[in-house]
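>>> From the sequence below, what's the structure:
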Amino acid sequence: MKYHIICRVGKKDKYSIKGINKDNSTVLPFLGNQMVDRSIRYNTFNLLSSTNLIPNGNTIDLLITSIAAFSADKIVSRSKGFEDWSRYFVVHLPVVDIKVWEKAKDKLQKMLSFLSGDHWEFELRERKEIKIKGKKKKQPVDINKVCLFSGGLDSYIGIVDLLEKYSKDKIALVSKHGQGQDESKPQDRIIKIINNKYSQERFLNFKFFISAYNSVEPTTRSRSILFLAHGIAVAHALGKDVPLYVPENGLISLNIPLNPSRMGSSSTRTTHPYFISLFREVIKILGMENPILNPYQFITKGEMIIDSMAPEFIKQSAKETMSCSHPSVGRYKYRVCDKHCGYCVPCIIRRAAMNKAKIDTPKEYNVNILKNALSPKTKAGQDLRAFQMAIERWKQNKISPLLQVLASGPLPCSVKDKKQYAEVYIRGMNEVATFLREINGKV
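Predicted structure coming up:
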């Protein structure tokens, strides 16, 4: 079943499609388009204009695309998709430069399909350019680097390393949050910690708010398209050579399927090298060639902590970060907000990394998987059991590390880089294996 996402841009846009069931379509309003029943809320363009960082037409259309993709992902349940997973989206997108977007369309569709595991189609139509006016006389000055900031441990280390390494530079942080405080509270804590150690003049935080009404789907495969689009919009408005940093450890970035049932779309690909390479190709066609860098693509999470440029500072404050894939679960199950679940894949990798750095603190987690037995038949116990089985296969050398890495997607890189990806996979799995040995004395 096709689900239509109709984007309307500007006050005069009344675009509609005849013969479409309302249950299988959603209208998303942008840039002054008014609706009685608004389906999304966002501060994207107001926040950019408030700092006089005015995006051009193609950048505006990229931002609209990212918000539309994220909204579609949230408001359409995967239970409506093929085998209760893959959905079929048709996005009706008005763009300023339709000839350029036609060139980018195939790569855009392939990129989103790889990212979310859904089928994506874009129906493009031309629109008139809408000017966004700045609300300040001057743009931010002296900012020459942009870094994505999730409130997680990796992005925190990435920011601290940049502040330490480039002591004279000013950095723009790009964060995203939605309804509730599960995303924003850790970000606010980290901002305070960074501000206490470094001067507030060293960074500027762009805190974007994007929320889809009537959200029914808990998975967020498309979340990274929001991050990257907003990050590149800030970087490009600051200058065509300003780099965008995407700090993510190599193991979680590759996100190798832990067992055959997690192949394909069931494994997240938020910063997978293939997805990032497709995003680079799309924005290049759109006229944005800002470098996108991940300095940690060949480094494990534990190595990021130990080898950071301020290791003691990171070790002291790491507990304030949030790495859990579903921190909201504690509010309903344990009546505890803003706390790691302890049993999802990111939580297990986080604890393994902190164990390597000798700063593991079980009380940070609602469930201590080393002490509390989790049945593999329960949803909470599935990730732990998947790790245990993957480590056992890895130890038996049934599949080469490189083939394991390639199972998560193609690697558009040199033979040398592919070897490094295989090596970071081995070291990352070894971190987890070392941590999990405490369960019944072995893995």
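>>> Next secondary structure element downstream of the one helix or strand Lys103 maps to?
Using DSSP states H and E, Lys103 falls within helix 98-116. Using DSSP H and E, the helix or strand that follows helix 98-116 in sequence is strand 119-126.
>>> now that next one, how far from the chain's geometric center?
Put simply, strand 119-126 sits 23 Å off its chain's centre (C-alpha atoms, centre = their mean, to the nearest Å).
>>> cool, and stretch 351-367?
In this view, stretch 351-367 has its centroid 23 Å away from the chain centroid, taken as C-alpha atoms, centre = their mean.
>>> what's that stretch in contact with?
153, 249, 300-306, 315, 318-319, 329-330, 333-334, 336, 339-343, 347, 368-371, 374, 380, 431-432, 434-436 (C-beta atoms under 8 Å, 6 or more residues apart in numbering). To be clear about C-beta, it is placed using only N, CA and C from the backbone, and glycine gets the same treatment.
>>> buried sites along it?
Neighbour counts using 16 or more other C-beta atoms under 10 Å place Arg351, Ala352, Ala353, Met354, Asn355, Lys356, Ala357, Asp360, Glu364, Tyr365, Asn366, Val367 of stretch 351-367 among the buried residues.
>>> show me where the stretch 101-250 of the chain has helices.
In the stretch 101-250 of the chain, the segments counted as helices under DSSP state H, counting those that start in this stretch are 153-165, 184-197, 223-238, 250-254.
>>> just to revisit the earlier point, so of the contacts of stretch 351-367, which ones are in helices?
Mapping those onto helices (DSSP state H) picks out 153, 301-306, 315, 329-330, 333, 347, 380, 431-432, 434-436.
>>> Put the buried members of those into a ChimeraX selection.
Selection of buried members from the ones in helices among the contacts of stretch 351-367 for ChimeraX, criterion 16+ other C-beta under 10 Å:
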select :153,301,302,303,304,305,315,329,330,347,380,431,432,435,436
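>>> still on that earlier bit, nearest to Val96, out of the helices of the stretch 101-250 of the chain?
Among the helices of the stretch 101-250 of the chain, helix 223-238 comes nearest to Val96, with 14.7 Å by C-beta to C-beta.
>>> what packs against the closest one?
helix 44-50, helix 57-75, helix 98-116, strand 143-148, strand 170-177, strand 203-212, strand 244-245, helix 273-285 (3 or more C-beta pairs under 8 Å, 6 or more residues apart in numbering; DSSP states H and E).
>>> In CSV, could you pull the C-alpha coordinates for the fourth one?
Only the C-alpha atoms of strand 143-148 are listed here, as CSV (Å, rounded to 0.1, in the frame of the first residue of the first chain):
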residue,chain,number,x,y,z
ILE,A,143,32.6,29.7,13.5
ASN,A,144,34.6,27.4,11.2
LYS,A,145,33.4,24.0,12.3
VAL,A,146,30.0,22.4,12.9
CYS,A,147,29.5,19.3,15.0
LEU,A,148,26.3,17.1,15.4
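>>> so for it, what's the average pLDDT?
Per-region confidence: strand 143-148 scores 96 on mean pLDDT.
>>> could you check the angle helix 153-165 makes with it?
Inter-element angle recorded for strand 143-148 and helix 153-165: 160 degrees (by axes from the mean of the first three to the mean of the last three C-alpha atoms, to 10 degrees).
>>> Which other helices and strands does strand 143-148 contact?
helix 153-165, strand 170-177, helix 223-238, strand 244-245.
>>> Just give the strands next to it in its sheet, each with its orientation.
strand 170-177 (parallel), strand 244-245 (parallel) (DSSP bridges).
>>> Using JSON lines, lay out the helices of the stretch 101-250 of the chain together with distance to Ile75 and mean pLDDT.
JSON lines is the format used below for the helices of the stretch 101-250 of the chain (distance: least, C-beta to C-beta, whole Å; pLDDT from 0 to 100):
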{"stretch": "helix 153-165", "distance to Ile75": "27", "mean pLDDT": "98"}
{"stretch": "helix 184-197", "distance to Ile75": "21", "mean pLDDT": "94"}
{"stretch": "helix 223-238", "distance to Ile75": "14", "mean pLDDT": "96"}
{"stretch": "helix 250-254", "distance to Ile75": "27", "mean pLDDT": "95"}
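>>> nearest to Val100, of those helices?
Per C-beta to C-beta, nearest to Val100 of the helices of the stretch 101-250 of the chain: helix 223-238, 14.7 Å.
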